[in-house]
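Participant: here is a sequence with its predicted model. Questions after.
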Amino acid sequence: VWAAKAWREGDPGGTRAGRRPRAGSVPTGFLDVDVTSAPLALECLYTPWAPGTDSDGAPTPQDCPRVFSAGLDLTEMCGRNPAHYAEYWKAVQELWLRTYLSSLVLVAAINGACPAGGCIIALACDCRVLADNPKYHIGLNETLLGITAPFWFKDAYVNTIGHRASEQALQLGYLFPPSEALQVGLVDQVVPEDQVLSTALSEMARWLAVPDHARQLTKNMMRKATADRLLRQRDADIQNFVSFICRDSIQKSLQVYLEKLRQRKG
Ligand SMILES: CCCCC/C=C\C/C=C\CC/C=C/CC(=O)SCCNC(=O)CCNC(=O)[C@H](O)C(C)(C)COP(=O)(O)OP(=O)(O)OC[C@H]1O[C@@H](n2cnc3c(N)ncnc32)[C@H](O)[C@@H]1OP(=O)(O)O
């Protein structure tokens, strides 16, 4: 995810400088969210979680080829205690709210698989450019893990692809290949893999050409109601998540899913 400031400074690679956790950052287990300077924190957003990385530093696209984001780190939702789940979910909410409500222009350059939590971060951006590779699926696949997408994931989906398409895709846990993602409006452009970053930069230029104050006010006008819905019930959402994830049946489902992933690897 590239944010406007780094682009303006002509140094998108400068985003790498912020990879390591800094003082004031919240260890989320998938990304370090700087609670002291929200807009700055967004400059170093990369992927929530990707194979081969850990919470010591956010991965870069180069570190994890083929994966934009594997979604939320399932090991954070398995075999832990309720206090851990509550803290984790609060951080997930915080990440989404800050991304979704950012006044910066955010363009998602999606150069790999983008399931669930990865999709939700991409959806929080203003625009999505996806590499044309049949393996790069995007969508909310929670039901296939035996879990439910929270209402605010669903809201972001509905806002982007509409009610009927969301209803179907959410129930089926469907992951869209690039051509279908474009067709349904889940992404805005599908381009050859080596053109993802240049296309994202062109998109960024297009959005930045609009007077900032007008664009920001409009963005806020369009997004406020959705964000407010979560803001009004953040604590209840955390409690729902904790009681849901603590269920024996859900823990079992997640463990089975993780085990399948590990076996698939071997
Ligand atoms: C009625 C009341 C309702 C109340 C509801 C309230 C709240 C809602 C409740 C819960 C919502 C929780 C929301 C979760 C959102 C998510 O993001 S869930 C995560 C979804 N992600 C996935 O399904 C992706 C799974 N991964 C893959 O498909 C592949 O890994 C990949 C991304 C396509 C990459 O493939 P690749 O071949 O490159 O890598 P590997 O498959 O070999 O993976 C390597 C390694 O990584 C492990 N792993 C993969 N994904 C995850 C993950 N998301 N978390 C943790 N670990 C992961 C994989 O197991 C391998 O591990 P290793 O063998 O130990 O190296």
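Facilitator: Looks like it came in fine.
Participant: any low-confidence regions in the stretch 51-200 of the chain?
Facilitator: For the stretch 51-200 of the chain, the stretches with pLDDT under 70 are 51-64.
Participant: can you tell me the residue of it closest to the ligand?
Facilitator: Closest contact between the stretch 51-200 of the chain and the ligand, by C-beta to the nearest ligand atom, is at residue 71 (2.6 Å). The way it works is simple: take the backbone N, C-alpha and C, and place the C-beta from them, glycine included.
Participant: which element is that residue on?
Facilitator: For residue 71, there is no helix or strand it lies in under DSSP states H and E.
Participant: does it touch residue 118 like I think?
Facilitator: Yes: here residue 71 reaches residue 118: they are 5.1 Å apart, a contact under C-beta atoms under 8 Å.
Participant: which parts of stretch 174-193 are buried?
Facilitator: Using 16 or more other C-beta atoms under 10 Å as the test for burial, stretch 174-193 gives 174-178, 180-182, 184, 186-191.
Participant: actually stretch 226-246, sorry about that
Facilitator: 226, 227, 230, 237, 238, 241, 242, 245.
Participant: ok, now stretch 197-207?
Facilitator: Buried, per 16+ other C-beta under 10 Å, within stretch 197-207: 197, 199, 200, 201, 203, 204, 207.
Participant: turn the residues you listed into JSON lines, columns for distance to residue 216 and secondary structure.
Facilitator: Below are the buried residues of stretch 197-207 laid out as JSON lines (distance: C-beta to C-beta, whole Å; DSSP: H, G, I helix; E, B strand; the rest coil):
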{"residue": "197", "distance to residue 216": "25", "secondary structure": "helix"}
{"residue": "199", "distance to residue 216": "23", "secondary structure": "helix"}
{"residue": "200", "distance to residue 216": "20", "secondary structure": "helix"}
{"residue": "201", "distance to residue 216": "20", "secondary structure": "helix"}
{"residue": "203", "distance to residue 216": "17", "secondary structure": "helix"}
{"residue": "204", "distance to residue 216": "15", "secondary structure": "helix"}
{"residue": "207", "distance to residue 216": "11", "secondary structure": "helix"}
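Participant: now, which of the residues you listed sits nearest residue 87?
Facilitator: residue 200 (32.6 Å; C-beta to C-beta).
Participant: who's in contact with the closest one?
Facilitator: 2, 107, 108, 109, 129 (C-beta atoms under 8 Å, 6 or more residues apart in numbering).
Participant: three-state assignment of the third one?
Facilitator: Pointing back at residue 108 there. Put simply, residue 108 is strand when judged by DSSP: H, G, I helix; E, B strand; the rest coil.
Participant: near the ligand, which residues of the stretch 51-200 of the chain are found?
Facilitator: 51, 66-67, 70-75, 113, 115-117, 141-142, 145, 147-148, 150 (C-beta under 6 Å from any ligand atom).
Participant: which ones are touching residue 246?
Facilitator: 82, 85.
Participant: from the ligand, how far off is it?
Facilitator: From residue 246 over to the ligand the distance is 11 Å, taken as C-beta to the nearest ligand atom, to the nearest Å.
Participant: could you measure from that residue over to residue 86?
Facilitator: 10 Å (C-beta to C-beta, to the nearest Å).
Participant: residue 86 - how many residues pack around it?
Facilitator: Close neighbours of residue 86, defined as other C-beta atoms under 10 Å, add up to 16.
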